[in-house]
Each structure stands twice: as C-alpha cells, then as structure tokens.
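Colleague: okay, sequence plus prediction incoming.
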Amino acid sequence: DAEITQSPRHKITETGRQVTLACHQTWNHNNMFWYRQDLGHGLRLIHYSYGVQDTNKGEVSDGYSVSRSNTEDLPLTLESAASSQTSVYFCASSDGGSLNTGELFFGEGSRLTVL
Amino acid sequence: AQSVTQLGSHVSVSEGALVLLRCNYSSSVPPYLFWYVQYPNQGLQLLLKYTTGATLVKGINGFEAEFKKSETSFHLTKPSAHMSDAAEYFCAVSRSNDYKLSFGAGTTVTVRA
C-alpha cells in the first residue's frame, strides 16, 4: 500500500544545531506540506511544494527550509534549532490536478525537542 | 485569507450521548471543508469532507456534518458517542483553487463511561 513516512519519529537536539526531518511518500502526489502542531494552535503550515523544484513559504516559515528534488521527498531543515521550535511536525501530501478535492494524507509525526 | 474557528477546546460527553463539535469558517470564496480526527500519538485521518453538492455529509464511524453557507458553519455530529471516539478533532478549510488547508485549533473529546 502507498504510504507517507516520517523520520525520525522522536528527536532531541540542542539549541543552535541543524536538524533535518525526512518525509517520504509513495503515492506519487504532486503536493507536499509540512505543518507543526502546538497546543492551542492546531496545525500551522510551515512550507509546501506543488511539484519538483517548487517550494513555498507558509504562515510560520521563519527558521525552516525545504527542498524538493524529486516527487517522493520533502525534507524539512531547521538551520539553527531554537527552543521555540520544540513541537510535533507533520508531513502531508495530496494529489493535484482537476480532480483535486483537497484531502491531505498525513504521516505519523515527528516529535522534536530542542534543549 | 481564510480562517477556521472551533468553539470549545474540550468537550466531555457520556457514552451514548450526542457529540456536537462546532466549526465556523471565514472565506471569501466557496470553500472545501474537512473534519479530521487524531488519535493519541498518531497522524490525522480524514473523517469527512464537503466539496460540492449535498450539504449534509456522512463520514466514517457514524459522524456527519452539515455545511450551512448562511451561517458559515460546518458542525460535526454523532448521535451516540462511543468510548473509541475519544480523540482530538480538527476542522479545516481550503479554497477550490488552492491545495493548502487551514486548520482550527482543535477540540479534544473525552467520553465518560
């Protein structure tokens, strides 16, 4: 079955270190998204991509970057981790095109703690 | 810009009682509307969605929601709560010409025996 996987599922790091969270999907979806989940805020969009070599900033993109070199992967990089980036991160994907109904398929999340 | 407001961050119901979760949206164009559920330590799963057509939408696990354009609402209901319904529920909205979803803050449902 097609799926979307995130790694690592749990990570503890120190302030100032670079961290990369991986996201891999096997649905061949054009669209991929990174959200962070924090209590009281729901899910907030960090970055998204509508295809290879396409990346866009979401509402909370400061301190994060992404790259899309192929259809399957959208890694999220924290260039210099800050305590405010302690959160649970979710990757999601969706099909695009004229039949798009907007449904997102989510990974199981990556819990990041920045000390 | 579009936003989603979920009224009540926490709802507690008795097993067998009605579950009602409220969602209001603001959108300048006709939206697509979604309810997702998140069980502990898991990702989000789609419960149901409204895109076009019938305004009463049925989803999985006995849930349904009604799109009311005049009230800009998309409330989620289930006639009889089950212990397995304990989870966090998110309302989300997107525009028909946009692939991004905007999420509400979420409502945690607790089911009492």
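Modeller: Structure received. Just so it is clear, the structure is predicted and the values come from calculations on it, not from any experiment. Residues are numbered from 1 along each chain as shown, chains lettered A, B, ... in the order given.

Colleague: need phi/psi at the residue nearest to residue A:87 when sequence neighbours are not counted.
Modeller: Counting by C-beta to C-beta, 6 or more residues apart in numbering or on different chains, residue A:36 is the residue found nearest to residue A:87 once chain neighbours are left out, at 4.4 Å. For glycine as for every other residue, the C-beta is placed from the backbone atoms N, C-alpha and C. When read as degrees, to the nearest 10, the backbone of residue A:36 gives phi -120, psi 140.

Colleague: I figured residue A:36 was touching residue A:42, is that so?
Modeller: No: when contacts are counted by C-beta atoms under 8 Å, residue A:36 is not listed as touching residue A:42 (9.9 Å).

Colleague: how about residue A:85, what does it touch?
Modeller: Neighbouring residues of residue A:85 by C-beta atoms under 8 Å, 6 or more residues apart in numbering or on different chains: A:63, A:78, A:112, A:114.

Colleague: residue numbers of chain A in contact with chain B?
Modeller: Applying C-beta under 8 Å from any C-beta of the partner chain, one finds that chain A approaches chain B through A:31, A:33, A:35, A:40-45, A:48, A:50, A:58, A:90, A:92, A:94, A:96, A:100-104, A:106-109.

Colleague: if we go to 7 Å?
Modeller: By the rule C-beta under 7 Å from any C-beta of the partner chain, the part of chain A lying against chain B is A:31, A:40-43, A:45, A:48, A:50, A:90, A:94, A:96, A:100-104, A:106-109.

Colleague: which of those residues count as buried?
Modeller: The neighbour-count criterion (16 or more other C-beta atoms under 10 Å in any protein chain shown) marks A:31, A:42-43, A:45, A:48, A:50, A:90, A:94, A:100, A:102-104, A:106-109 among the residues of chain A next to chain B as buried.

Colleague: which one of those sits closest to residue B:109?
Modeller: When those are compared for distance to residue B:109 (C-beta to C-beta), residue A:42 comes out closest, at 15.0 Å.

Colleague: right, and that closest one touches residue B:89 too?
Modeller: No: no contact is recorded between residue A:42 and residue B:89 when judged using C-beta atoms under 7 Å, the distance being 10.6 Å.

Colleague: can you get me a residue count around residue A:65?
Modeller: 15 (other C-beta atoms under 10 Å in any protein chain shown).

Colleague: setting aside sequence neighbours, what's the nearest residue to the residue of chain B found nearest chain A?
Modeller: For chain B and chain A, the shortest gap (C-beta to the nearest C-beta) falls at residue B:43, measuring 3.7 Å. The shortest distance from residue B:43 to any non-neighbouring residue, by C-beta to C-beta, 6+ apart, is to residue A:106 (3.7 Å).

Colleague: for residue A:83, the count of nearby residues, please.
Modeller: Residue crowding around residue A:83 was assessed by other C-beta under 10 Å; the count is 10.

Colleague: wait, residue A:76
Modeller: 22.

Colleague: list the contacts for it?
Modeller: The neighbours of residue A:76, taking C-beta atoms under 7 Å, 6 or more residues apart in numbering or on different chains as the test, are A:20-21, A:23, A:34, A:46-47, A:64, A:66, A:89.

Colleague: could you give the bridge partners of residue B:32?
Modeller: The bridge-partner assignment for residue B:32, based on DSSP bridges, gives residue B:94.

Colleague: doesn't residue B:24 make contact with residue B:5?
Modeller: Yes: with contacts defined as C-beta under 7 Å, residue B:5 counts as touching residue B:24 at a distance of 4.8 Å.

Colleague: between those two, which has more neighbouring residues?
Modeller: Relative neighbour count places residue B:24 above the other of residue B:5 and residue B:24, with 18 against 14, counting by other C-beta under 10 Å.
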